[in-house]
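In: what follows is a predicted protein model with its sequence.
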Amino acid sequence: MFKTFVFGIILGLFGTGALAYFAPVIDIHRERSLIEVQPNGGNVEEYRINLPRDRIMVGLAGSKESLPAGLDWPGADRLGDTQAEIFKVRNRDNAVIGVASRLASSADSTGSFIEWALHFPARGTLYTQMALAHSPEGFRTGVMRAGTRDFLDLSGTMRERFVAGKDGDSDAQGHIELQAILVAPLGDVE
């Protein structure tokens with residue numbers, strides 16, 4: 001009787017393991033990465049954030065228009081005028097592929113900065129510090145400072161541009177275009 005019990009437990013464990021392997025409970029869909037390969041060996045990826053549709057959260061001290069409504073943003077002096085926003089990120093095919101956070105401040109207590117952190121669940125996270133001023137073409141550029149998983153060994157730059165919406169557009173405010181220009185780090189010169 002005891003041998004039958006132990007055999008049943010072992011057989012049940014193997015059966016459960018086989019079932020979990022061949023019929024997974026979670027089957028996460030991964031959007032294809034839309035990457036343009038450049039002649040220099042790097043690649044370019046373009047992302048889009050539709051406003052206001054893709055805005056998830058906005059936090060700014062003293063603001064009456066926080067999102068979600070009723071968000072109580074800390075008013076500590078050390079935060080200055082730091083603004084935090086969280087967005088959905090879309091690829092060129094307009095499919096949501098991740099989330100992004102944008103932090104910005106011009107206060108003396110924090111120093112002026114603009115930072116983006118883009119997280120793609122299937123690929124990793126990309127962290128970029130942006131220049132404060134726009135270029136004559138209307139872009140703000142920045143340098144990739146860190147990355148995880150797929151972005152871990154890459155270096156590169158990011159370009160940000162706001163494109164105003166047109167009349168009759170479903171996204172009345174417009175959209176933010178982000179362009180990541182990534183290259184592998186230089187190896188040892190022989």
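Out: Perfect, I can see it now. Numbering: from 1, shown residues only.
In: so how far is the strand or helix carrying Gly59 off the chain centroid?
Out: Using DSSP states H and E, Gly59 maps to strand 55-60. Mean-position distance between strand 55-60 and its chain equals 15 Å (CA atoms, centre = their mean, to the nearest Å).
In: so in terms of bridging, what pairs with Thr157?
Out: Following DSSP bridges, Thr157 is listed with bridge partners Val143, Ile181.
In: surely it meets Arg145?
Out: No. Thr157 is not in contact with Arg145 according to CB atoms under 8 Å; the separation is 10.9 Å. In this view, the C-beta of every residue, glycine as well, is placed from N, C-alpha and C.
In: which residues touch the lowest-mean-pLDDT helix or strand in the chain?
Out: In the chain, no helix or strand scores lower on mean pLDDT, DSSP states H and E than strand 35-37, which sits at a mean of 80. For strand 35-37, contacts defined as CB atoms under 8 Å, 6 or more residues apart in numbering pick out Asn43, Val44, Glu45.
In: now the strands for the chain?
Out: 35-37, 43-51, 55-60, 83-90, 96-105, 113-120, 124-130, 140-147, 155-164, 174-183 (DSSP state E).
In: picking that back up, of Thr157 and Arg145, which one has the most company?
Out: Higher neighbour count among Thr157 and Arg145: Thr157, with 16 against 12, using other CB atoms under 10 Å.
In: Thr125: neighbour count?
Out: Using other CB under 10 Å, Thr125 is surrounded by 19 other residues.
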